[in-house]
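>>> Sequence first, predicted coordinates after that:
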Amino acid sequence: MISIRFIPIFEDKEFTDAVNEYQQIWEVEGSRIVNALKKLTGLSFMENRIAVVVYEGVSFSGRTPNDVMKLRASYSTDVKKATIVHELSHRLLFSLKNRPDMDEHQIINLFLYDVWVDLYGENFATEMVEIEKKRDEKYQKAWDWALNLSKEQRADKFTELLK
């Protein structure tokens, strides 16, 4: 199991409350999240501990296993859950020796929707895709590309990328 330490950027009630909510999500669902990611990708995390700064800004996985992850404080509970899974998906790709030369969101979207479905159901996954698509054109393009493939095609494409 990965140990995650959530840290507020400032000693501010807004951030402390968000830290507590992220921590509660992780305590209740962390094992399920990690297991679902491993099951659907066949990959393992390179790290056992992750420091996460909770702040009011764009969520970010970090660029290396030693980087701090950053998560937005003001998200709803469901979006917090989805974002933890999304950012951990990026970190899971750190274990790839030969990273494919394609947009990283296209890569994670080959399995992220299916992980969300496995964890929280199809309605949740569909709602989170719609939220992500509104964030940025690259998110929209990556989701449109991935979801034009069937679940089996996404899995086959991801397996092909691992070779």
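Sure, I can see it.
>>> by contact count, what packs against the helix-or-strand element of the chain with minimal mean pLDDT?
In the chain, the helix or strand scored least confidently by mean pLDDT, DSSP states H and E is strand 3-8, which has a mean of 92. When contacts are defined as 3 or more CB pairs under 8 Å, 6 or more residues apart in numbering; DSSP states H and E, strand 3-8 packs onto helix 13-41, strand 49-55. Every C-beta, even on glycine, is put in place using the N, C-alpha and C of the backbone.
>>> right, and these - which one's nearest Lys133?
helix 13-41 (20.9 Å; CB to CB).
>>> so how far is the closest one off the chain centroid?
10 Å (CA atoms, centre = their mean, to the nearest Å).
>>> what pLDDT, on average, does it get?
Across helix 13-41, the average pLDDT comes to 94.
>>> What are the buried residues along it?
Residues of helix 13-41 classed as buried: 15, 18-19, 21-23, 25-26, 29-30, 33-34, 36-37, 40-41 (neighbour count, 16 or more other CB atoms under 10 Å).
>>> Counting by contacts, list what it packs against.
Helix 13-41 packs on strand 3-8, strand 49-55, helix 77-92, helix 112-120, going by 3+ CB pairs under 8 Å, 6+ apart.
>>> That's all I had, so thanks and see you.
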